[in-house]
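*Asks:* fold the following and give me the result.
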Amino acid sequence: MDDTLSQIPGRIKELREILEISGIDMAADIGIPRETYDAYESGALDIPISALYKIANRLGVDLTVLLTGEEAKMETASVCRNGKGVQVERFPGYEFSSLASNFKNRTMEPLLVYLDPAKEPAAAVSHSGQEFNYVIEGTVKVKVGPREYTLEAGDSIYFDARLPHGQAAAGKPSRFITIIQE
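*Replies:* Presented below is the predicted three-dimensional model:
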């Protein structure tokens with residue numbers, strides 16, 4: 001597990017305990033079974049980005065705190081230099097870099113995603129809000145609900161993120177920008 005990713009469950013547990021929220025209440029508040037929440041917090045199960053948002057909201061912190069252990073600092077603008085975003089490997093073959101992690105009170109989350117076609121695609125997820133994907137290089141298959149769309153470099157898709165969805169590289173490594181609005 002990526003070192004950054006391996007620290008997230010501990011941060012969640014520490015914040016939850018500081019706020020005196022029980023694991024049972026946390027699971028109920030974010031709408032998942034207690035066993036799933038326990039697996040997230042112990043590090044036994046990868047935490048989907050949608051669950052990270054819900055956990056951050058419940059704990060009253062910016063997602064950046066869970067990802068990095070630090071508060072976002074910028075209020076008017078935040079620059080992310082090439083290759084300098086907060087990088088996390090969510091699943092084998094699905095890595096993302098947060099492109100605005102240092103901006104306070106974000107209302108959307110822009111991410112640069114790298115997909116490795118040699119790895120099994122991540123399971124479909126769903127979350128509140130909407131999502132936008134723009135392919136930078138390669139070919140990305142995007143499944144939204146029962147439909148699958150094949151996107152080439154320069155193509156984009158905007159969809160209701162409440163529908164189960166997922167992305168996979170087709171043929172060669174691919175990169176795309178995703179903007180998630182919760």
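
*Asks:* tell me which residue is most central in this protein.
*Replies:* residue 49 (2.9 Å; C-alpha atoms, centre = their mean).

*Asks:* residue 125: how many residues sit nearby?
*Replies:* 15 (other C-beta atoms under 10 Å). C-beta coordinates here come from the backbone N, C-alpha and C atoms, glycine included.

*Asks:* find the nearest non-adjacent residue to it, please.
*Replies:* Counting by C-beta to C-beta, 6 or more residues apart in numbering, residue 125 lies nearest to residue 48, which is 4.8 Å off, once chain neighbours are set aside.

*Asks:* gap between that neighbour and residue 112?
*Replies:* Per C-beta to C-beta, to the nearest Å, residue 48 is found 18 Å from residue 112.

*Asks:* list the buried residues in stretch 55-71.
*Replies:* By neighbour count with 16 or more other C-beta atoms under 10 Å, stretch 55-71 contains the buried residues 55, 56, 58, 59, 61, 62, 63, 64, 65, 66, 67, 68.

*Asks:* pick out the most distant pair among these.
*Replies:* 58 and 68 (18.5 Å; C-beta to C-beta).

*Asks:* in stretch 24-42, what's buried?
*Replies:* 26, 27, 30, 32, 37, 39, 40, 41.

*Asks:* chain center to it: distance?
*Replies:* Distance of stretch 24-42 from the chain centroid (C-alpha atoms, centre = their mean, to the nearest Å) equals 17 Å.

*Asks:* for the residue of the chain most remote from its centre, give its distance to residue 59.
*Replies:* Most distant residue from the mean C-alpha position of the chain: residue 20, 25.5 Å away (C-alpha atoms, centre = their mean). Residue 20 is 12 Å from residue 59, where distance means C-beta to C-beta.

*Asks:* low-scoring stretches of this structure, by residue?
*Replies:* 1-5, 89-92 (pLDDT under 70).

*Asks:* remind me, longest helix of it?
*Replies:* Looking across the chain with DSSP state H, the single longest helix is helix 3-18.

*Asks:* just the CA coordinates for that helix, please, in PDB.
*Replies:* The C-alpha atoms that make up helix 3-18 are tabulated as PDB, following Å, rounded to 0.1, in the frame of the first residue of the first chain:
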ATOM      1  CA  ASP A   3       2.700   5.200   2.200                       C
ATOM      2  CA  THR A   4       0.300   8.200   1.900                       C
ATOM      3  CA  LEU A   5      -2.600   5.900   1.500                       C
ATOM      4  CA  SER A   6      -1.600   3.700   4.500                       C
ATOM      5  CA  GLN A   7      -1.700   6.700   6.800                       C
ATOM      6  CA  ILE A   8      -5.300   7.700   6.000                       C
ATOM      7  CA  PRO A   9      -7.100   5.100   8.200                       C
ATOM      8  CA  GLY A  10      -5.000   6.200  11.200                       C
ATOM      9  CA  ARG A  11      -5.900   9.800  10.600                       C
ATOM     10  CA  ILE A  12      -9.600   8.900  10.400                       C
ATOM     11  CA  LYS A  13      -9.500   6.900  13.600                       C
ATOM     12  CA  GLU A  14      -7.600   9.600  15.500                       C
ATOM     13  CA  LEU A  15     -10.000  12.300  14.400                       C
ATOM     14  CA  ARG A  16     -13.000  10.200  15.100                       C
ATOM     15  CA  GLU A  17     -11.700   9.400  18.600                       C
ATOM     16  CA  ILE A  18     -10.800  13.100  19.300                       C
END
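
*Asks:* sweet, I'm off.
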